[in-house]
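Colleague: Could you look at this predicted model? Sequence included:
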Amino acid sequence: MVTNMKFGECLHFLLSTLDISINRLSKAINIDRSLVNRWINEKRTPSYNTTYIESISEYLSNSILNSFQEQHLNELFLRVCGDSEREISIKDKIKKILLQSQGYSIECKKKAVKESKAHSISKKEISNFLDNYQFGFEVDGNIRSSNPALTTYNPNFCINMSSEDKVIIGRKNVLSAGISLLEAAANQKCNNNNTIYISFNNELDINYDSGLIHLRNAVLEAINNGWNVLFLLRLNNNINRTIRFINFSKLLINTGKFHPYYLKKYDIFTTDKEFIIVPEIGALFCLSDKLCSGVDTAFYYKNNVAVNIFRNYFNNILTTYAHPLAKYYSQDNAIEYGYCMAESEESIGNRVLYKYDFSILTLPENLYSKLLQRKNLSHDEILTSLEFYTRRLKAFLSNIHIYEYTDIFSIDCINNLIKYRKFYFYYHNGVEIINLEVQDVIELLQNIIRLLEKYNNYNITFMSQNPDKTIQCFNFCCIVKEKKAVTLESYEPSKTMPKVRLSVEEPMLVKAFEEYFKEIWDQIAPINKDKKEIINWLQCQLNLLKNKNW
């Protein structure tokens, strides 16, 4: 994902994030503080043939003290450089950010020099024009005003719009135009500006009809063609609206290229304006021309200057008023994700688990340790996996005395377990399908039955059909802990490392996920969530295993 930022802006962000003063940096890299000050104020930019950026990157990379600073750095890297090379060192990330912003600042200055020569208008003339300007009317293509100052009107300050720019009337037509714009992105390979910007601020009811499905599919096709998507969401107490966002975004989240943001102030004023911006292709600015009528009008721009203005406006909103809705974890951050899951498990509140196969917490401790030893892991990796398992298991057994815990599994997992003795084995860094011995299967089923019988608050349900047709539950795992967090993992078939790992702690979205899974629960046949029925059925499978001559 690429957002053009100047060198001074990037350097200022890095220093603020790491709490490093201009004076401290100048001493560290042995230059005068006035030079650093000029960099930050965009009065100077390091030239390409200097070693300043190497020195700055070396010093700043050694100044990171905690995961919060690292997270801010990763967000800046994502915005400035895109996420195609996220698995690089911290020093290289800082260096790449500074080099990218250095190039942009230098190009901006070259362009400014060219434009200044082309316009050939003095600063005094500009000042006089702005000081004396009063609004007039345009008649027959010319400015008319009683104010003679307007005779200084200079056409160099105006840019003609594209012949393809238009006004679109009607909700369906606006939606159709948005889909067409995204389809254009899906059919065109993205260049440097590889980020699509979409907002969802509208408060009024939006039915999740075929039109929005087509809109989502168009976004998905664009992502598959290399685009990233920044999605700005305004959250409020309308849970149904937030659930519609979940329905819209769940397929997109699995790609790892969909980055939702939310407005930090819940009561922020909005006039139902919406944006779809595709750099170098077009921008759609949507609004309502009547009070409380919803988005029913749009201005469609192909002019690159207009598109860039809207893109910069959108980025300013993100920088000033928004915050990432989800925290993504790279493969290198598997341990941090493990801590996130453990802390979520330890918090108070009800919990829902939705995944294809049994949770590792249904494995007795000795069996988990035994299976872990079979894997080709280092001693440290085994200890790490055991640490997270025992910590989560302790919290699980402690909480189900008080809070309701519901596990939603596919019925296919029990079929694979009994017939083929296959089990999806999760450890701290990934997942792998392993073959169990018959006695392992017996131990697992005995432990599940024991948990169900012992703890009234613990329930298991089996989905004979996946209620959510838009996601494949065999490579999707989601845990919702009441008022705490949502953790989500997505796997590609036959691959052990997760494609996406993320967590969400924003309270309104966590609540919406709780309600979302209540809807999933309501769609499951009563016989498949009746506790006594489940216990009896598992006991029958267990008896068959014990009596079968293997």
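Modeller: Everything's here; your move. Numbering: from 1, shown residues only.

Colleague: helices or strands next to the helix ranked longest in the chain in the packing?
Modeller: In the chain, with assignment by DSSP state H, the single longest helix is helix 90-119. Using 3 or more Cβ pairs under 8 Å, 6 or more residues apart in numbering; DSSP states H and E, the elements in contact with helix 90-119 are helix 7-18, helix 52-61, helix 67-81. Where C-beta positions appear, they are placed from N, C-alpha and C, glycine not excepted.

Colleague: between it and helix 52-61, how many degrees?
Modeller: Angle, helix 90-119 to helix 52-61, by axes from the mean of the first three to the mean of the last three Cα atoms, to 10 degrees: 140 degrees.

Colleague: picking that back up, which of the helices and strands packed on helix 90-119 comes out lowest on mean pLDDT?
Modeller: Ranked by mean pLDDT, the helices and strands packed on helix 90-119 end with helix 67-81 in last place, scoring a mean of 81.

Colleague: Return the set of buried residues in it.
Modeller: 69-81 (16 or more other Cβ atoms under 10 Å).

Colleague: who's in contact with it?
Modeller: 1-3, 5, 10, 13-14, 17-18, 64, 83, 86, 90, 93-94, 96-97, 100-101, 259, 315, 324, 327, 336 (Cβ atoms under 8 Å, 6 or more residues apart in numbering).

Colleague: can you rerun that using 6 Å?
Modeller: Outside helix 67-81, the residues that touch it by Cβ atoms under 6 Å, 6 or more residues apart in numbering are 1, 3, 5, 13, 17-18, 64, 93, 96-97, 100.

Colleague: next one: stretch 364-377
Modeller: Contacts of stretch 364-377 (Cβ under 6 Å, 6+ apart): 382, 385, 389, 425, 443, 447.

Colleague: Of these, just the buried ones, PyMOL syntax please.
Modeller: Per 16+ other Cβ under 10 Å, the buried members of these correspond to this PyMOL selection:
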select buried, resi 382+385+389+425+443+447
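
Colleague: Just give me the closest of the contacts of stretch 364-377 to Ile524.
Modeller: Distances from Ile524 to the contacts of stretch 364-377, taken as Cβ to Cβ, are shortest for Asn447 (23.1 Å).

Colleague: Give me the nearest residue to the closest one, chain neighbours excluded.
Modeller: Pro364 (4.6 Å; Cβ to Cβ, 6 or more residues apart in numbering).

Colleague: What number of residues are in the vicinity of the one you found?
Modeller: If you count neighbours by other Cβ atoms under 10 Å, Pro364 ends up with 16.

Colleague: State the distance from it to Leu445.
Modeller: 11 Å (Cβ to Cβ, to the nearest Å).

Colleague: ok, back up a step: between the contacts of helix 67-81, which is closest to Asn194?
Modeller: Met1 (6.6 Å).

Colleague: Which stretches in the stretch 151-300 of the chain count as strands?
Modeller: 166-169, 195-200, 228-233, 258-263, 274-278, 282-287, 297-301 (DSSP state E, counting those that start in this stretch).

Colleague: farthest pair in the buried residues of helix 67-81?
Modeller: Taking every pair in the buried residues of helix 67-81 and measuring Cβ to Cβ, the maximum separation is 17.6 Å, between Gln69 and Cys81.

Colleague: check contacts around the residue nearest the centre of the chain.
Modeller: Of all residues in the chain, the one closest to the mean position by Cα atoms, centre = their mean is His259, 2.9 Å from it. For His259, the contact set (Cβ under 6 Å, 6+ apart) comprises Leu230.

Colleague: do Ala298 as well
Modeller: Contacts of Ala298 (Cβ under 6 Å, 6+ apart): 168, 174, 284, 286.

Colleague: Quick check: PyMOL command selecting the buried ones in those.
Modeller: Per 16+ other Cβ under 10 Å, the buried members of the contacts of Ala298 correspond to this PyMOL selection:
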select buried, resi 168+174+284+286
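
Colleague: Nearest residue to Asn4 in space, please, no chain neighbours.
Modeller: Tyr104 (5.0 Å).

Colleague: measure the one you found to Gly226 for me?
Modeller: 21 Å.

Colleague: These two: which has the busier surroundings?
Modeller: Tyr104 (21 against 16).

Colleague: That one reaches Phe7, doesn't it?
Modeller: No. Tyr104 is not in contact with Phe7 according to Cβ atoms under 6 Å; the separation is 7.4 Å.

Colleague: I'd guessed Ile198 sits against Phe231; true?
Modeller: Yes. Counting by Cβ under 6 Å, Ile198 touches Phe231, with 5.1 Å between them.

Colleague: tell me the contacts of the residue nearest to Ile434 when sequence neighbours are not counted?
Modeller: Closest residue to Ile434 apart from its sequence neighbours, by Cβ to Cβ, 6+ apart: Phe425 at 4.7 Å. Neighbouring residues of Phe425 by Cβ under 6 Å, 6+ apart: 371, 432, 434.

Colleague: Quick one: buried ones out of those residues?
Modeller: Leu371.

Colleague: Which strand residues bridge Ile408?
Modeller: Tyr354, Thr461 (DSSP bridges).

Colleague: Please work out how many residues are found near it.
Modeller: By the criterion of other Cβ under 10 Å, Ile408 has 22 neighbours.

Colleague: now the one helix or strand Tyr313 maps to, how far from the chain's geometric center?
Modeller: Using DSSP states H and E, Tyr313 maps to helix 304-321. Relative to the mean C-alpha coordinate of its chain, helix 304-321 is positioned 19 Å out (Cα atoms, centre = their mean, to the nearest Å).

Colleague: again with stretch 511-524
Modeller: 22 Å.

Colleague: Adjust the sequence numbering to begin at 738 for everything that follows.
Modeller: Okay, residue one is now 738; in that scheme the one you just asked about reads as stretch 1248-1261.

Colleague: Check which residues of it are buried.
Modeller: Here stretch 1248-1261 shows 1248-1251, 1253-1254, 1257-1258, 1261 as buried, counting by 16+ other Cβ under 10 Å.

Colleague: can you check stretch 754-762 too?
Modeller: Buried, per 16+ other Cβ under 10 Å, within stretch 754-762: 754-755, 759, 762.

Colleague: Quick one: find the helix or strand in this structure with the lowest mean pLDDT.
Modeller: The weakest-scoring helix or strand in the chain, judged by mean pLDDT, DSSP states H and E, is strand 874-876 (a mean of 39).

Colleague: now the strands: where do they sit in the stretch 1138-1287 of the chain?
Modeller: Using DSSP E, counting those that start in this stretch, strands in the stretch 1138-1287 of the chain cover 1142-1147, 1159-1164, 1167-1172, 1195-1200, 1213-1218, 1222-1228, 1235-1241.

Colleague: Mind putting these into JSON lines with distance to Glu1083 and mean pLDDT?
Modeller: As requested, those are exported to JSON lines (distance: least, Cβ to Cβ, whole Å; pLDDT from 0 to 100):
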{"stretch": "strand 1142-1147", "distance to Glu1083": "13", "mean pLDDT": "93"}
{"stretch": "strand 1159-1164", "distance to Glu1083": "18", "mean pLDDT": "87"}
{"stretch": "strand 1167-1172", "distance to Glu1083": "22", "mean pLDDT": "86"}
{"stretch": "strand 1195-1200", "distance to Glu1083": "17", "mean pLDDT": "92"}
{"stretch": "strand 1213-1218", "distance to Glu1083": "9", "mean pLDDT": "91"}
{"stretch": "strand 1222-1228", "distance to Glu1083": "11", "mean pLDDT": "90"}
{"stretch": "strand 1235-1241", "distance to Glu1083": "14", "mean pLDDT": "89"}
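
Colleague: Sweet, I'm off.
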